[in-house]
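> need a 3D model of the following:
(chains A and B)
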Amino acid sequence: NAGVTQTPKFQVLKTGQSMTLQCAQDMNHNSMYWYRQDPGMGLRLIYYSASEGTTDKGEVPNGYNVSRLNKREFSLRLESAAPSQTSVYFCASTTVSPLHFGNGTRLTVT
Amino acid sequence: SQQGEEDPQALSIQEGENATMNCSYKTSINNLQWYRQNSGRGLVHLILIRSNEREKHSGRLRVTLDTSKKSSSLLITASRAADTASYFCATAGGYNQGGKLIFGQGTELSVKP
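Model prediction:
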């Protein structure tokens, strides 16, 4: 089973550039989440989608947008990247606990 | 703001010793979960304890929960070098919160052979 797949694995952007991080799960989960992980900060929730067709803000949504394209896919978009968005981004999914995580996208904004 | 605070931030032990990590949280919870993260990988679920449970075991893992003190501990017995990883607690609120988890900052465990 592939589980949760994130693409790309690594990305370097210049300040002001835009990009979309892709996430897909093959476990038929209802809920999907985007977290960012920074040293000493643990994981912080950016956005989540409790079910297909709904999205809600998490703890740190500023500078991001999301799209729940269908039940399988949940994308995260940075419209104008800033150095403060340098981080490792994790997608996760679940129907009932626990969360299943992808292996992350390491993003550097210069 | 972070829900969970973990202690210690880093722990170094010898193989065969026990490792104890603690987690404190601020608000009422539905359940508390522990996850493990190997370097460069995503998080993997270890164990879930519900708010009405006080202790739970899974293999070499023992988790306790004290809702009056808003704290939990994870004990790994007879540790192995392969247990080297970061460990995170995460709390889940009520069902009206979309099932989202709030994570602590993690404990970095190093087990020396």
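> quick check: residues of chain B near chain A?
Within reach of chain A by C-beta under 8 Å from any C-beta of the partner chain, chain B has these residues: B:1-2, B:4, B:31, B:33, B:35, B:40-45, B:48, B:88, B:90, B:92, B:98-106. C-beta: built from backbone N, CA, C; applies to glycine.
> any weak-confidence spans in the chain?
All of this refers to chain A. Of all residues in chain A, those with pLDDT under 70 make up the ranges A:1.
> can you look at chain B instead?
Counting by pLDDT under 70, chain B shows low-confidence ranges at B:1-4, B:94-99.
> now do the strands in it.
Counting by DSSP state E, the segments of chain B that form strands are B:5-7, B:10-14, B:19-24, B:31-37, B:43-50, B:55-58, B:61-66, B:71-76, B:85-92, B:101-103, B:107-112.
> out of those, deepest packed?
Mean neighbour counts were taken over these using mean count of other C-beta atoms under 10 Å in any protein chain shown, and the top value, a mean of 26, falls to strand B:101-103.
> what strands flank it, and is each parallel or antiparallel?
For strand B:101-103, the paired strands and their directions (DSSP bridges) are strand B:85-92 (antiparallel).
> show me where chain A has strands.
Using DSSP E, the strands found in chain A span residues A:4-7, A:10-13, A:19-25, A:31-38, A:42-49, A:56-57, A:64-68, A:74-78, A:87-94, A:100-101, A:105-109.
> ok, the fourth one: who's next to it in the sheet?
So the one you mean is strand A:31-38. Here, using DSSP bridges, strand A:31-38 pairs with strand A:42-49 (antiparallel), strand A:87-94 (antiparallel).
> give me the contacts around it.
By C-beta atoms under 8 Å, 6 or more residues apart in numbering or on different chains, the residues outside strand A:31-38 that reach it are A:21, A:23, A:25, A:43-51, A:58, A:60, A:64, A:66, A:68, A:74, A:76, A:87-95, A:99, A:104, B:98-101, B:103.
> with the third one instead?
Defining contact as C-beta under 8 Å, 6+ apart, one finds that strand A:19-25 is touched by A:3-8, A:11, A:13, A:32, A:34, A:72-78, A:81, A:89, A:91, A:93, A:100, A:102, A:105, A:107.
> buried ones only from those, please, as a PyMOL command.
The buried subset of the contacts of strand A:19-25, as determined by 16 or more other C-beta atoms under 10 Å in any protein chain shown, is captured in PyMOL by this line:
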select buried, chain A and resi 4+6+11+13+32+34+72+73+74+75+76+78+81+89+91+93+100+102+105+107
